[in-house]
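Chemist: Sequence and predicted structure are below.
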Amino acid sequence: MTTQIDARQFRKALGSFTTGVTVVTTQGTDGLDYGLTANSFNSVSMDPPMVLWSLGKKSSSLPVFAATDHFAVHILAADQEAVSNQFSKSGTDKFAGCALTRGHGGVPLLGGCSARFECRVVHRYEGGDHVIFVGEVMNFDSFDHAPLIFHGGNYGLVMKKGEAAAHTASSFGDGWLGFLLARAYYQLLVPVRNNLNGHGLRDVDYNILTVLSMGEGRTIEELDKLVSISGFRVTPEDVEALVVRGIVAVEANAQAEKRVVRFTEAGRSYAIELLTIAKAAESDAERELDYREAQVLKLLLKRVIESTSAALPDHWRRDQFWRDEHLWRDPVASDAA
Ligand SMILES: Cc1cc2nc3c(=O)[nH]c(=O)nc-3n(C[C@H](O)[C@H](O)[C@H](O)COP(=O)(O)O)c2cc1C
């Protein structure tokens, strides 16, 4: 290096600049397709429309891009992390499994991305250990897919900052994560609770139905264990009340060694009705969020669940919690199996 700077620190500092992720493709003069993952992409000019990206001189694609007149830049969508990884591995068949169409100059075009620019090379500049390619945009496509982003060496998703984030209080109360989660949950539950109340049912009944929806054929003790994380306990009287209402039945399991709780047909329909109401409440709540924000929210909540799961009793671990007989199993598929 000419200037005395620490390469690792320099890379780290550059990594604090958040970018999208692109795949740049071209067709070589040998007629073969070439491409690589690049986050050095940027816009240059509106009129004429121009973009740039830079290619490392050690890249095996350099002679190809140095000799071709066209390239295509694909701005990858949030669900295309695998595509990014595939195109960043030198010496592999990068186009394996990719459905291609052709653009200007025969360049291979990938689908499923957020946007795509077909370019004619207008400048190539020396840029230290990289070559900078400037292309005039001949054609472009823009799709309504959230983009994949790259920051500090990690992939990420876009989240709008929004007003609320700036005003988040830090006190115990409305700034406490537990409060926010609980309040969001209870508000989300209002339509479900209204329906339950209309049927003379309570929160504990909802918890029992939810646990059964995730796997039928549990004993009352198992139901109690699984529901207890909510602070409710399930008693034989609670289950009996649901039997009387025709929602569940208590019967011997297949091995006839214990008595387990299952939905009746009416109970199954009712649980599906509740699920539909809950899903509608989720959609209403997400109206203020765009698709990627809803995704980010769920990802973050899963992370909170992960990081606090040490406090969970063993029986809440996913492999034990979920059973084969889910409420939303596909009856045709499971009957055929
Ligand atoms: C997120 C990400 C961004 C990258 N950005 C660039 C870039 O802008 N320019 C570059 O030359 N390589 C970049 N790379 C590395 C190339 O994708 C990688 O070196 C590729 O294997 C080169 O392929 P090739 O040797 O077949 O040409 C990036 C890799 C990743 C994962």
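Modeler: Received the coordinates, thanks.

Chemist: drop to CA atoms for contacts and neighbour counts, all remaining ones
Modeler: Fine.

Chemist: what residues does the chain put near the ligand?
Modeler: Counting by Cα under 6 Å from any ligand atom, the chain comes close to the ligand at 21, 36-40, 54-56, 59-61, 87-91.

Chemist: Show the buried residues in the residues you listed.
Modeler: Using 16 or more other Cα atoms under 10 Å as the burial test, the residues of the chain next to the ligand include Val21, Leu36, Thr37, Ala38, Asn39, Ser54, Leu55, Ser61, Phe87, Ser88 as buried.

Chemist: got CSV for those residues, with secondary structure too?
Modeler: Supplementary listing: these in CSV, determined by DSSP: H, G, I helix; E, B strand; the rest coil:
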residue, secondary structure
Val21, coil
Leu36, strand
Thr37, strand
Ala38, strand
Asn39, coil
Ser54, strand
Leu55, strand
Ser61, coil
Phe87, helix
Ser88, coil
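
Chemist: So of those, which two are at opposite extremes in space?
Modeler: Val21 and Ser61 (17.9 Å; Cα to Cα).

Chemist: and stretch 252-266, how far out from the chain's middle?
Modeler: With Cα atoms, centre = their mean, to the nearest Å as the basis, stretch 252-266 stands 36 Å off its chain's centre.

Chemist: residues of that stretch that come out buried?
Modeler: Buried, per 16+ other Cα under 10 Å, within stretch 252-266: Arg259, Val260, Val261, Arg262, Phe263.

Chemist: quick one: the one residue sitting closest to the centre of the chain from Thr276, how far?
Modeler: The structure's the chain has its C-alpha centroid closest to Gln295; by Cα atoms, centre = their mean the separation is 5.2 Å. Noted for Gln295: a distance of 20 Å to Thr276, by Cα to Cα, to the nearest Å.

Chemist: Just want the phi and psi numbers for Gly175.
Modeler: phi -100, psi 0 (degrees, to the nearest 10).

Chemist: what about Phe65, neighbour count?
Modeler: Neighbourhood size, Phe65 [other Cα atoms under 10 Å]: 24.

Chemist: Ok, the one 4 residues further on next?
Modeler: Here the number of neighbours of Asp69 (other Cα under 10 Å) works out to 19.

Chemist: From here on, call the first residue 843.
Modeler: Will do, 843 is the new start, and the previous item becomes Asp911.

Chemist: could you list every residue that touches it?
Modeler: Gly947, Arg962, Val963 (Cα atoms under 8 Å, 6 or more residues apart in numbering).

Chemist: Please convert the residues you listed to JSON lines, extending it with neighbour count, secondary structure and pLDDT.
Modeler: Shown next, in JSON lines, are these (neighbours: other Cα atoms under 10 Å; DSSP: H, G, I helix; E, B strand; the rest coil; pLDDT from 0 to 100):
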{"residue": "Gly947", "neighbour count": "16", "secondary structure": "helix", "pLDDT": "95"}
{"residue": "Arg962", "neighbour count": "21", "secondary structure": "strand", "pLDDT": "98"}
{"residue": "Val963", "neighbour count": "20", "secondary structure": "strand", "pLDDT": "98"}
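
Chemist: Mind picking the one among those residues that's closest to the ligand?
Modeler: Distance to the ligand, by Cα to the nearest ligand atom, is smallest for Val963 among the contacts of Asp911, at 16.3 Å.

Chemist: wouldn't the closest one be in contact with Ile974 here?
Modeler: No - applying Cα atoms under 8 Å, one finds Val963 not in contact with Ile974, separated by 10.5 Å.

Chemist: Could you list the domains of the chain?
Modeler: Annotated domains of the chain cover 849-999, 1019-1178 [automatic domain parsing].

Chemist: among those domains, which is the most enclosed?
Modeler: Most buried of those by mean neighbour count (mean count of other Cα atoms under 10 Å) is domain 849-999; its value is a mean of 17.

Chemist: What helix or strand is His965 located in?
Modeler: strand 957-969 (DSSP states H and E).

Chemist: Likewise for Thr868?
Modeler: Per DSSP H and E: Thr868 is located in strand 864-869.

Chemist: Could you pull up the contacting residues of Tyr876?
Modeler: Thr867, Thr868, Gln869, Gly870, Ser903, Val906, Lys936.

Chemist: how big is the angle separating whichever strand or helix holds it from strand 864-869?
Modeler: Per DSSP H and E: Tyr876 is located in strand 875-880. Strand 875-880 and strand 864-869 are oriented at 160 degrees to each other (axes from the mean of the first three to the mean of the last three Cα atoms, to 10 degrees).

Chemist: on that earlier part again, and the angle from the strand holding His965 to strand 864-869?
Modeler: Going by the same axes, to 10 degrees, strand 957-969 makes 80 degrees with strand 864-869.

Chemist: What lies in contact with whichever helix or strand comes after strand 957-969?
Modeler: Downstream of strand 957-969, the next assigned helix or strand under DSSP H and E is strand 972-984. Under the criterion Cα under 8 Å, 6+ apart, residues 890-899, 912-913, 946, 956-968 lie in contact with strand 972-984.

Chemist: how far is strand 972-984 from where the chain is centred?
Modeler: Worked out by Cα atoms, centre = their mean, strand 972-984 lies 29 Å from the chain centre.

Chemist: Adjacent strands (with direction) for that strand?
Modeler: strand 892-898 (antiparallel), strand 957-969 (antiparallel) (DSSP bridges).
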